[in-house]
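*Asks:* Here you go, sequence then predicted model.
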Number of protein chains: 2
Amino acid sequence: MSKGEKDVTIYDIADKLNISAATVSRALKDHPRVNKNTKKLIVKTAEEMGYLSNSFASNLRKKSSNIIGLIVPRLNSNFMADVIAGIEKVLNNNNYNLFISQSLETMTKEIANANAMLVNRVDGLLVSLAYDTTNIDHFDPFIKRQVPVIFFDRVFESDSCPQIYIDNQKAAYEVTSHLIKQGCKRVMHITASQLRNVYADRLAGYKKALEDNAIKFDESLVIINDLSREAGIQAAQQILDMPNKPDGIFVANDSCAVSCMQTLIKAGINIPHDIAVAGFNNDPMTCVIEPNLTTVNYKGYEMGEVAAKLVIDRLVNKNEFHPAHGVILRSELIVRESSTRIT
Amino acid sequence: MSKGEKDVTIYDIADKLNISAATVSRALKDHPRVNKNTKKLIVKTAEEMGYLSNSFASNLRKKSSNIIGLIVPRLNSNFMADVIAGIEKVLNNNNYNLFISQSLETMTKEIANANAMLVNRVDGLLVSLAYDTTNIDHFDPFIKRQVPVIFFDRVFESDSCPQIYIDNQKAAYEVTSHLIKQGCKRVMHITASQLRNVYADRLAGYKKALEDNAIKFDESLVIINDLSREAGIQAAQQILDMPNKPDGIFVANDSCAVSCMQTLIKAGINIPHDIAVAGFNNDPMTCVIEPNLTTVNYKGYEMGEVAAKLVIDRLVNKNEFHPAHGVILRSELIVRESSTRIT
């Protein structure tokens, strides 16, 4: 409440009805000792007077807010929208509400978000980490208070916090192997901050596939940027300037892959014949771009469901987490025209 | 806090240091009467013991949470991501946090979201309404407590709540007039729930443009759906089955327009020559689809900024809202190849 008008108290209701505050309090808690008609009158009066049960105090007593907090890097992706839809389905079924905030890829904002969630005493916290987060000390106050913290997708190794993710190394290995099988000999990899498991593991999978195909790893063929649309355009310009161009590109997300492809196509590059391209995430945009983009499908909805179920299991069913609990979800390579040279 | 461990209180700190709880309380409030070194010791001990200042009680006293609530229909759109980015910039600058929830286009969930925001005593609320919301009674408890409620984009007429939107009728008039100028004689309009100003006003603008061009309004050329990708595919199938097909389509959002276009193109329809198409929102996807989609650009970022500034003005600068306060933002028609028949 910002100003002015005072909240209605049980004393105001008691005054108005000329009965004791204790009776009002009991009636509003549906206590059996209060006469049914009196109870009705009190509830009706309370509603008319705009009485708001003191949720802060009530939360203090119950030590429970029925709110789960979610901190994600960015809301602006189809993957995250799917994750949130999965989380909301499970929480709604269990009468929990979801409060969402985004770190905008910075640890500073992630810490501020965590503090705001702490102050509001969320009952649990689901987190996917920002690009530059170097430690998870900002989640210690939750862990100390036994508020469950669960990492998904962009996770952090921790005995106290379960982690849900896909096998990023395997997925990247499959993409890179596929490009090599299509005849690519100089495969470029465009990815993001190596502080994050998803990007470090994808780079590892890319390297492993090169190794298994006796292709020497060439550091000049790896670009690390923020995987934005703008970064895709810049990467394409960098490629166009290269005297010895790559013949394949594996980009660690779809929106960067699409803007990179568009820029290359405008410059006269034939995709897939000059350069074969693959992305990651299976965003709807992959089926709009021509040629359609080869990508990795992984189920955000399922990831959200699993994360929410873990937190509910802990809160409602009082199940303990196993130490270093990890859940690895499936992903699959989807081959489309952007990388199909051999048919 | 879900279970187990009890929160550390000022009494625990007092016990540990063998000083009075009153001194601890004063020290933690940075009271001048407490000796500087004692203060330091108390603050350090409190931190070590994991003391969390009682924010609920503190909020009760301050009557302020420094949290602004946001309720939107869906997070999964570029427009909404832009709006949220604009809101967050302004709130961060003013040390407010943002809690976000989505109604998933239903009034039922919108009411649940509003109640959760009320219980957590947000200091202000920004709302864009769900498809089927018929009244705004669920925001009355906020208005009664003088918590500012601001509607943006999908607004509701109310003297108590400022509204921020674009001139949807004018924008739709421009789109339809453009299609008619390109030679279209049977322009179809695909839109959503007429309970919402944005869709009702766009239909009105479409009708007005027909009227001003002496084209008779034909109810069979209006499709009302949920503007999803799936709805776009269905609309295209419906069009393909029509003996007397439209020669122009104005769709009230881009993602539905794109999936509709893709389905028509696959069926052999030439766009723009057989059917000219225009969307609404200027999503990045409009520049990925071939031919690029004509659309209406309106600045979500600016809309978010304006909404957040209004709420901050009210909370920080104590500015009163003007009754029936409305802010109309600019929009612009962007003509691309999907509707360019005459060059």
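*Replies:* Thanks, I have it.
*Asks:* Contact distance from chain B - what residues of the stretch 151-300 of chain A qualify?
*Replies:* For the stretch 151-300 of chain A, the residues in contact with chain B (CB under 8 Å from any CB of the partner chain) are A:229, A:255, A:258, A:262, A:284-285, A:287-290. Using the backbone N, CA and C atoms, a C-beta is placed for each residue, glycine as well.
*Asks:* Could you dump these into TSV with distance to residue A:298, neighbour count and secondary structure added?
*Replies:* Shown next, in TSV, are these (distance: CB to CB, whole Å; neighbours: other CB atoms under 10 Å in any protein chain shown; DSSP: H, G, I helix; E, B strand; the rest coil):
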residue	distance to residue A:298	neighbour count	secondary structure
A:229	21	15	helix
A:255	15	23	helix
A:258	18	26	helix
A:262	24	19	helix
A:284	15	13	helix
A:285	16	24	helix
A:287	16	17	helix
A:288	20	20	coil
A:289	19	26	coil
A:290	24	15	coil
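*Asks:* got those residues as TSV, with distance to residue A:278 and pLDDT columns?
*Replies:* Output for these, formatted as TSV (distance: CB to CB, whole Å; pLDDT from 0 to 100):
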residue	distance to residue A:278	pLDDT
A:229	17	94
A:255	14	94
A:258	12	97
A:262	15	97
A:284	17	90
A:285	14	93
A:287	14	95
A:288	16	95
A:289	12	96
A:290	16	95
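*Asks:* show me the contacts for residue A:325.
*Replies:* The neighbourhood of residue A:325, defined by CB atoms under 8 Å, 6 or more residues apart in numbering or on different chains, consists of A:162-163, A:310.
*Asks:* Which members of these occur in strands, if any?
*Replies:* residue A:163 (DSSP state E).
*Asks:* of the contacts of residue A:325, closest to chain B?
*Replies:* Chain B lies nearest to residue A:310 out of the contacts of residue A:325, by CB to the nearest CB, at 13.3 Å.
*Asks:* just to revisit the earlier point, just the buried ones out of the contacts of residue A:325, please.
*Replies:* When burial is judged by neighbour count using 16 or more other CB atoms under 10 Å in any protein chain shown, the buried members of those are A:162-163, A:310.
*Asks:* can you list these in CSV and add pLDDT?
*Replies:* Formatted as CSV, the buried ones among the contacts of residue A:325 follow (pLDDT from 0 to 100):
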residue, pLDDT
A:162, 92
A:163, 94
A:310, 92
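*Asks:* Save these as JSON lines, and put in distance to residue B:213 too.
*Replies:* Below are the buried ones among the contacts of residue A:325 laid out as JSON lines (distance: CB to CB, whole Å):
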{"residue": "A:162", "distance to residue B:213": "62"}
{"residue": "A:163", "distance to residue B:213": "60"}
{"residue": "A:310", "distance to residue B:213": "59"}
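*Asks:* can you give me the strands in the stretch 101-250 of chain A?
*Replies:* For the stretch 101-250 of chain A, the strands defined by DSSP state E, counting those that start in this stretch cover A:124-127, A:149-152, A:163-166, A:187-191, A:222-224, A:248-251.
*Asks:* what lines up beside the first one in the sheet?
*Replies:* Read that as strand A:124-127. Looking at strand A:124-127 with DSSP bridges, its partner strands are strand A:67-72 (parallel), strand A:149-152 (parallel).
*Asks:* out of the ones you listed, deepest packed?
*Replies:* strand A:67-72 (a mean of 26; mean count of other CB atoms under 10 Å in any protein chain shown).
*Asks:* what's the spacing between residue A:82 and chain B?
*Replies:* With distances taken as CB to the nearest CB, to the nearest Å, residue A:82 is found 8 Å from chain B.
*Asks:* Shouldn't that residue be within a helix?
*Replies:* Yes. The assignment for residue A:82 by DSSP: H, G, I helix; E, B strand; the rest coil puts it in a helix.
*Asks:* So what's the predicted local confidence for it?
*Replies:* What the model reports as pLDDT for residue A:82 is 88.
*Asks:* I'd say it and residue A:304 touch.
*Replies:* Yes. The criterion here is CB atoms under 8 Å, and residue A:82 meets it with residue A:304 at 6.9 Å.
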